[in-house]
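Trainee: Sequence first, then the predicted structure:
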Amino acid sequence: MKDCALAGRCGLYCGSCAVYRAYKDGGDFKKRFSKEWELPIDEVRCEGCHALTMECRGFGCEIVRCTSSKGFEFCFECPECSRGGCKNHKTVAENAAKYGIDLRSNLERIRAEGMEAWLSESKERFKCPSCGKPLPSLLRTESKCYHCNSSLDAANGTPREGRKRKGKV
């Protein structure tokens with residue numbers, strides 16, 4: 001599958017990451033994201049967790065460095081994960097939970113069902129029900145799709161509860 005780069009090592013679907021979406025989708029969303037997160041627009045860049053370059057925002061991610069140094073593709077391969085996870089994963093998981101994303105569950109599903117099945121389901125979960133284009137997970141309070149301007153409502157699963165925040169991703 002060509003989207004394997006979008007399987008985050010921590011269990012996050014990179015295709016729903018705001019940095020990735022802003023970089024790939026560009027336009028007004030990239031400008032707005034840059035402003036809201038107080039990032040220079042040229043730092044809004046990512047290719048996905050399994051395809052990081054030195055220019056990517058996630059290049060210095062502690063989880064990426066940890067899994068790479070241990071020769072793991074995902075956190076679930078680490079013995080520490082079965083004991084409740086490390087401090088870095090817990091921090092990322094707590095933040096993701098604010099947006100309705102359960103990283104530990106995602107990791108378990110990747111382990112049990114395989115990365116491609118999980119990626120396919122995740123791709124469907126984070127898309128506009130009207131135009132079918134991908135949306136970032138942090139758009140929990142948006143009322144319109146930034147691609148097609150269609151209304152997003154609770155009946156179609158979007159927007160979801162959450163909050164916006166400034167700072168590093």
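Mentor: Perfect, I can see it now. Residues are numbered from 1 along each chain as shown.
Trainee: ok, Ile101 - contacts?
Mentor: Leu12, Tyr13, Ser16, Ser137 (CB atoms under 8 Å, 6 or more residues apart in numbering). Any C-beta I mention is one placed from the backbone N, CA and C, and that applies to glycine too.
Trainee: Below-threshold pLDDT in this structure: ranges please.
Mentor: 1-2, 138-141, 153-169 (pLDDT under 70).
Trainee: Name the nearest residue to Arg9, sequence neighbours excluded.
Mentor: Thr67 (4.7 Å; CB to CB, 6 or more residues apart in numbering).
Trainee: quick one: the helices in the protein?
Mentor: Taking DSSP state H as the criterion, the chain contains helices spanning 18-25, 27-36, 62-70, 79-82, 87-97, 103-113, 115-125.
Trainee: ranking those helices by burial, who's on top?
Mentor: Of all these, helix 18-25 has the most neighbours on average by mean count of other CB atoms under 10 Å, namely a mean of 23.
Trainee: Taking helix 27-36 as reference, get the angle to that one.
Mentor: Using axes from the mean of the first three to the mean of the last three CA atoms, to 10 degrees, the direction of helix 18-25 lies 150 degrees away from that of helix 27-36.
Trainee: Neighbours of Leu152, how many?
Mentor: Other residues lying near Leu152 total 22 when counted by other CB atoms under 10 Å.
Trainee: May I ask you to confirm that it is in contact with Cys128?
Mentor: Yes. Leu152 is within contact range of Cys128, at 7.1 Å (criterion: CB atoms under 8 Å).
Trainee: returning to what we had before: and of the contacts of Ile101, the nearest to Gly85?
Mentor: Leu12 (13.7 Å; CB to CB).
Trainee: what about the closest one, neighbour count?
Mentor: 26.
Trainee: Surely it touches Ala96?
Mentor: Yes. With contact defined as CB under 8 Å, Leu12 counts as touching Ala96 (6.1 Å).
Trainee: who touches both of the two?
Mentor: Leu103.
Trainee: Now find how far off-centre stretch 7-22 is within its chain.
Mentor: 2 Å (CA atoms, centre = their mean, to the nearest Å).
Trainee: From start to finish, how long is that stretch in a straight line?
Mentor: 17 Å (CA to CA, to the nearest Å).
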